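Engineer: The sequence and its predicted three-dimensional model are supplied below.
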Amino acid sequence: MRSFKNFSSAVPPPLPPVNDGADRVKINEFYLNYIRFIWDKIKLQRETTDRYFNYYLLLITTPIVAFAAVVGRSEHSLSEQLIGYLCAMLFAIGVCFYSLYIRQRINNITLGDELNEFVQLIEAFDAAFTKRHQSLQINGALTSPFSADFWVNFIQSIINSFWLCNAFLYIETGIHFGEKWCHLIAGGMAGLSVLLHTTIRDSCLYRSERRLPLLSTLIVTGWYRPKWGLRMYRLWLYRRNKPKSPERIHPMIKRKFRPEEVSIRLITPGHAYLKNEIPQLAIAQGSAHNVKLPATAEAKKQAATNFKNALEKKDVEIHALTLPEGSGAIFLSTIRRNGKEGLQIEDIIVLEDLRGHGLGGYLLCQAATLAVNRGLSFVAWECERNNPAKKLYLEYNAKMREDIFPYRLNREMLVEIMKADLALANKSRVTFRISQRFSVFRAMSFHNSGGDIDPTESWQGAQVDDLDFTDPIAAKCQLVRKFCELEAKQQLNFVDVVIAPSNLLHQQLVTLLGCKPNTYSGEDIACLWELSETALNDAAEKNMYQR
């Protein structure tokens, strides 16, 4: 029997050659045709499985009639030893057929999984859900305890155990038991054989689903090691309570939004979204980070004014999801690092109920497209190391910077260091780049009381990159002078100083400034992420293709 392992592990086929702006229906039809090809393979595999089961019944079950005829005669020319060897041979052949059956079932599971992957690619939800539930039935996820698959396994295990039992009874082992004990031992061997058949089958077929196959596995592992038995008993309870009907599975599936279901618009100072949707998104993001933000009608009105002023001053650029309406937004500013200019994602917000549906990916691709169209070199943002959103970033081949980390100076720290005496500064060379930053939470809280953030702090901030110096004291003085200049133009409420922890001079500067690693939850440190070069272009191309 040919194995489909290599075929099923193949990468998805390339898209058909289409012109820019080609109808997406053509691409969907291409994937649908490939899905039909896989479906034909699955049906062929199932037909082969059924055919081999018929061969099994013919080859292994038919000799039972001859065996009964021979054993039923009082006199026959065959010795008991030979009959035992024939029974053992039939048992071995039955085990081979059983192993082939398991292999074919695993192939079905693999092909069913591949079918699911291609169904997701065509992004048609109604068809995807139907196919997915159908493939769950064909890939070994039993819909009832006594399905046809269960009875096929039961028949094979019973017949194999029958031949094993008779092989033990007729082969002369040299160990003499009484007739009663022989039959008891043979019956025990038959029962153990049935148990092992079921356990091996279920362990192979459901290994990837992390489910307890049957209670038989619990009995075996529980007898061998009680701790394992208890763990598998809990998994067995989970399997019993696992929803199987489409009506219960449907709400649990996080489908991806199709491109035609998503619309992203630039928010201008006069856009209606500033009155309710943008403040509501900020409040939702604050709740996700355990930051209380004012949520009254008056606070939202003031926040709308704050965001309008920030847009008019070009302190921030906002792109919001207008379809699904009010579901998310991305806040952008310009940043300079390593002699290059890029986009800084100040915040990317998706409502909690809509996370996991691909909306964050659309917003990230939108930022990449803007960067490429403007000739910028990268898109950067900050994210805590263990934030679940990093899975999304890794999907787009974004890189987490391990060499530099942001250290935060808050408003209180800035006020303190700007009072310092700068007379000790020398003229040693100090170079750095300053970029303007924006805070969504401070824009929401400015002139709004009742939240966790000081209402006197506005949204303006700064970031220091590319620090290069030989004297930490001189570096501190130069930075403080720059902070004072910015403070004279507009209130400076926070500064992120990008530091290389491996650099001893940078460590000394951190100590002099008194800044600490940036964090949003208070439990994990923030890291810098970047989309650049090939990854940036790929994300931008994907966004153009989706549009």
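Structural biologist: Thanks, I have it.
Engineer: Which residue is the nearest non-sequential neighbour of Lys301?
Structural biologist: Nearest residue to Lys301, sequence neighbours excluded (Cβ to Cβ, 6 or more residues apart in numbering): Lys275, at 7.6 Å. Yep, even glycine has a C-beta here, placed from its N, CA and C like the rest.
Engineer: try Gly361
Structural biologist: Counting by Cβ to Cβ, 6+ apart, Gly361 lies nearest to Leu392, which is 6.1 Å off, once chain neighbours are set aside.
Engineer: re the thing from before, got a list of what the residue nearest to Lys301 touches?
Structural biologist: Lys275 sits next to Lys300, Lys301, Ala304 when contact means Cβ atoms under 8 Å, 6 or more residues apart in numbering.
Engineer: same question, Gln366
Structural biologist: Gln366 makes contact with Ile264, His319, Ile330, Asn543, according to Cβ under 8 Å, 6+ apart.
Engineer: Kindly state the pLDDT recorded for the last one?
Structural biologist: Reading off the per-residue confidence, Asn543 sits at a pLDDT of 70.
Engineer: residues touching it, list them.
Structural biologist: So Asn543 contacts Tyr362, Cys365, Gln366, Ala368, Thr369 (Cβ under 8 Å, 6+ apart).
Engineer: what helix or strand is Gly326 on?
Structural biologist: Secondary structure assignment for Gly326, by DSSP states H and E: no helix or strand.
Engineer: That one reaches Ile283, doesn't it?
Structural biologist: No - with contact defined as Cβ atoms under 8 Å, Gly326 does not reach Ile283; the gap is 11.9 Å.
Engineer: higher neighbour count, those two?
Structural biologist: Higher neighbour count among Gly326 and Ile283: Ile283, with 21 against 18, using other Cβ atoms under 10 Å.
Engineer: Outside of the helix or strand where the more buried one lies itself, list whatever touches it.
Structural biologist: Applying DSSP H and E as the criterion places Ile283 in helix 277-288. Residues outside helix 277-288 that contact it (Cβ under 8 Å, 6+ apart): 267, 292-293, 295, 299-300, 303-304, 307, 318, 320, 325-326, 328-329, 347, 349, 351-352, 440-441, 443-444, 451.
Engineer: Now find how far off-centre that helix is within its chain.
Structural biologist: From the chain centre to the centre of helix 277-288 is a distance of 24 Å (Cα atoms, centre = their mean, to the nearest Å).
Engineer: now stretch 93-106
Structural biologist: The chain centroid and the centroid of stretch 93-106 are separated by 33 Å under Cα atoms, centre = their mean.
Engineer: And Val430, its phi and psi?
Structural biologist: In terms of degrees, to the nearest 10, the main-chain angles of Val430 are phi -140, psi 120.
Engineer: dump the residue contacts of it.
Structural biologist: Val430 sits next to Asp468, Phe469, Asp471, Ala474, Ala475, Gln478, Leu479 when contact means Cβ under 8 Å, 6+ apart.
Engineer: Now do the SS call for the fifth one.
Structural biologist: So that's Ala475. Secondary structure, DSSP: H, G, I helix; E, B strand; the rest coil: Ala475 is helix.
Engineer: now it: how far from Leu509?
Structural biologist: For Ala475, the distance to Leu509 (Cβ to Cβ, to the nearest Å) stands at 5 Å.
Engineer: Quickly list what's touching both of these two.
Structural biologist: Jointly contacting Ala475 and Leu509 under the rule Cβ under 8 Å, 6+ apart are Leu467, Phe469.
Engineer: and the gap between the most centrally placed residue in the chain and Phe168?
Structural biologist: Using Cα atoms, centre = their mean, the residue of the chain that lies closest to the mean C-alpha position is Lys391, 5.9 Å off. Going from Lys391 to Phe168 by Cβ to Cβ gives 54 Å.
Engineer: returning to what we had before: out of the contacts of Asn543, which is most surrounded?
Structural biologist: Counting neighbours by other Cβ under 10 Å, Ala368 comes out on top of the contacts of Asn543 with 28 neighbours.
Engineer: And the strands in the stretch 251-400 of the chain, which stretches?
Structural biologist: Secondary structure of the stretch 251-400 of the chain (DSSP state E, counting those that start in this stretch): strands located at 263-267, 317-323, 328-337, 340-350, 378-384, 399-401.
Engineer: Report the buried residues of the fourth one.
Structural biologist: Using 16 or more other Cβ atoms under 10 Å as the test for burial, strand 340-350 gives Glu341, Gly342, Leu343, Gln344, Ile345, Glu346, Asp347, Ile348, Ile349, Val350.
Engineer: Show me which of the residues you listed is closest to Leu195.
Structural biologist: Closest approach between the buried residues of strand 340-350 and Leu195, by Cβ to Cβ: Val350, at 49.4 Å.
Engineer: tell me the contacts of the closest residue to the closest one other than its chain neighbours?
Structural biologist: Closest residue to Val350 apart from its sequence neighbours, by Cβ to Cβ, 6+ apart: Gly328 at 4.0 Å. Gly328 sits next to Leu281, Ala320, Leu321, Ile348, Ile349, Val350, Leu351, Leu354, Leu359, Gly360, Leu363 when contact means Cβ under 8 Å, 6+ apart.
Engineer: Would you reformat those as JSON lines and include distance to Leu196 and pLDDT?
Structural biologist: Below are the contacts of Gly328 laid out as JSON lines (distance: Cβ to Cβ, whole Å; pLDDT from 0 to 100):
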{"residue": "Leu281", "distance to Leu196": "57", "pLDDT": "95"}
{"residue": "Ala320", "distance to Leu196": "60", "pLDDT": "96"}
{"residue": "Leu321", "distance to Leu196": "55", "pLDDT": "94"}
{"residue": "Ile348", "distance to Leu196": "53", "pLDDT": "95"}
{"residue": "Ile349", "distance to Leu196": "54", "pLDDT": "95"}
{"residue": "Val350", "distance to Leu196": "50", "pLDDT": "94"}
{"residue": "Leu351", "distance to Leu196": "51", "pLDDT": "92"}
{"residue": "Leu354", "distance to Leu196": "48", "pLDDT": "88"}
{"residue": "Leu359", "distance to Leu196": "49", "pLDDT": "92"}
{"residue": "Gly360", "distance to Leu196": "48", "pLDDT": "92"}
{"residue": "Leu363", "distance to Leu196": "53", "pLDDT": "95"}
